[in-house]
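> test case, fold it:
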Amino acid sequence: MAVGFFIDPIFYEVGSGDFLNSFFSTIYIKLENNEWGSKYPYLMNNFYKGCVKKDNIEEFRKEIVSLRKDLEKLPPSAIVWDYENLDLSPPWGNIISSDIKNMSDYFVTSDGENLLDVLEKSIGASTEIEEDLCIKAI
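Next comes the predicted model:
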């Protein structure tokens, strides 16, 4: 089952649910010091749970800009596959592309796009068509 970002009627495919969970897990463990939503409340408390309302999309955009800068400071080895089981690792292990210099480069969608770029594109679409931005499984 694939997951992605949905702004009715637009869908941006991300990849597997495990992959997206790893994105949130890395943020929770490495950037929020195990305090869910402490630094990125719209991302972790709203988006993770399903949707960011269109009325909050500008605050969400600011969080993503900040998040990108914070992820740029972390090496690729900072990956957390699952915050509920820290012993798990990605199925590909440590074998990653030489293009991945830091954690902002690490998350690449099933279409080969940077996840943060796709998220920013989704935020733009949400703003343009004035619809909520949600995570959806298909």
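> what are the contacting residues of stretch 84-104?
22, 26, 29-30, 68, 71-82, 105-106, 114, 116 (CB atoms under 8 Å, 6 or more residues apart in numbering). Just so you know, the C-beta spots here come from the backbone N, C-alpha and C atoms, and that holds for glycine as well.
> ok, now stretch 54-72?
Identification of contacts with stretch 54-72 by CB under 8 Å, 6+ apart yields 26-27, 31, 40-43, 46-47, 52, 102-104, 106, 116, 119-120, 123, 126-127, 130-133.
> same thing with stretch 35-44?
Counting by CB under 8 Å, 6+ apart, 24, 27-28, 31-32, 45, 52, 56, 59-60, 63-64, 66-67 sit against stretch 35-44.
> so who does the one residue sitting closest to the centre of the chain touch?
Central residue of the chain (CA atoms, centre = their mean): residue 23, 4.9 Å from the mean position. Listed by CB under 8 Å, 6+ apart, the contact set of residue 23 reads 107, 115.
> what helix or strand is it on?
helix 17-26 (DSSP states H and E).
> any idea how far the helix or strand just after that helix is from the chain center?
Using DSSP H and E, the helix or strand that directly follows helix 17-26 along the chain is helix 41. Its chain's C-alpha centre and that of helix 41 lie 13 Å apart, by CA atoms, centre = their mean, to the nearest Å.
> and if you look at stretch 89-101?
That offset, for stretch 89-101, works out to 17 Å (CA atoms, centre = their mean).
> buried residues in that stretch?
Residues residue 90 are the ones in stretch 89-101 that count as buried (16 or more other CB atoms under 10 Å).
> stretch 23-38 too?
23-32, 37.
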